[in-house]
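Peer 1: give the three-dimensional model of this entry:
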Amino acid sequence: MLTPDLVITDSGSVTKPGAEGAKTYAQVASPLDGKTLRRIAANATTVPHEVTISHTLSGSSFKQRVRSLVRADLSRLDTDVSLTGGVTPSAAAYFVLDRPLQSNGYITTAHLDTLMSVVVDILLVSGQWGKLLNREA
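Peer 2: Numbering: from 1, shown residues only. Now for the predicted structure:
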């Protein structure tokens, strides 16, 4: 289980998009409903940054799957919505890992690590992030 106060840093060896330094996401909702919500307290009333982590099961027997979701949300509550058509500007980013609960060793942790690495590398390789934002495929 992750710690209640999750510190996310962008000061690693790879320069990440939108680098702003370390941020602490404090747990504000317990996983009783299968989701854990964390939020940066300093800007919770103006520009909330939230992270939700959840795991859900679907199917049965060998068709049973686990879907793990990491979602980051940003809302601009400090916006004059009369300038945005009454809409509060917001954005979200997701990482979803969908895997079989049991595969008799055909889908291993190494396979899952490779899948995650492909997604992360696409986002971090120089120039790729800008192409994604420009809707290039």
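Peer 1: any idea how far the residue nearest to Gln27 when sequence neighbours are not counted lies from Thr24?
Peer 2: Distances taken as Cβ to Cβ, 6 or more residues apart in numbering put Pro4 closest to Gln27, at 4.0 Å, once the chain neighbours are dropped. C-beta coordinates here come from the backbone N, C-alpha and C atoms, glycine included. Using Cβ to Cβ, to the nearest Å, we find Pro4 at a distance of 10 Å from Thr24.
Peer 1: other SSEs contacting the longest helix along the chain?
Peer 2: Counting by DSSP state H, the longest helix found in the chain is helix 109-124. Secondary-structure packing of helix 109-124 (3 or more Cβ pairs under 8 Å, 6 or more residues apart in numbering; DSSP states H and E): strand 90-100, helix 128-133.
Peer 1: what's next to stretch 70-86, contact-wise?
Peer 2: Residues from elsewhere that reach stretch 70-86 (Cβ atoms under 8 Å, 6 or more residues apart in numbering): 45-54, 87-95.
Peer 1: which of those residues count as buried?
Peer 2: Among the contacts of stretch 70-86, those that count as buried by neighbour count (16 or more other Cβ atoms under 10 Å) are 48-53.
Peer 1: roughly how far is stretch 121-128 from the heart of the chain?
Peer 2: Centroid displacement of stretch 121-128 relative to its chain, using Cα atoms, centre = their mean, to the nearest Å, is 17 Å.
Peer 1: can you give me the strands for the chain?
Peer 2: For the chain, applying DSSP state E gives strands covering 5-8, 23-29, 35-39, 49-58, 65-75, 90-100.
Peer 1: which one of the ones you listed lies nearest to Arg135?
Peer 2: strand 90-100 (14.7 Å; Cβ to Cβ).
Peer 1: kindly format the C-alpha coordinates of that closest one as CSV.
Peer 2: Output of strand 90-100 as CSV, limited to C-alpha atoms (Å, rounded to 0.1, in the frame of the first residue of the first chain):
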residue,chain,number,x,y,z
SER,A,90,-10.1,21.3,-16.0
ALA,A,91,-7.9,18.5,-17.3
ALA,A,92,-7.1,14.9,-16.4
ALA,A,93,-4.4,12.3,-17.2
TYR,A,94,-4.9,8.6,-16.7
PHE,A,95,-2.7,5.5,-16.6
VAL,A,96,-4.7,2.2,-16.8
LEU,A,97,-3.2,-1.2,-16.5
ASP,A,98,-5.7,-4.0,-17.4
ARG,A,99,-4.4,-7.5,-16.8
PRO,A,100,-5.7,-11.0,-16.1
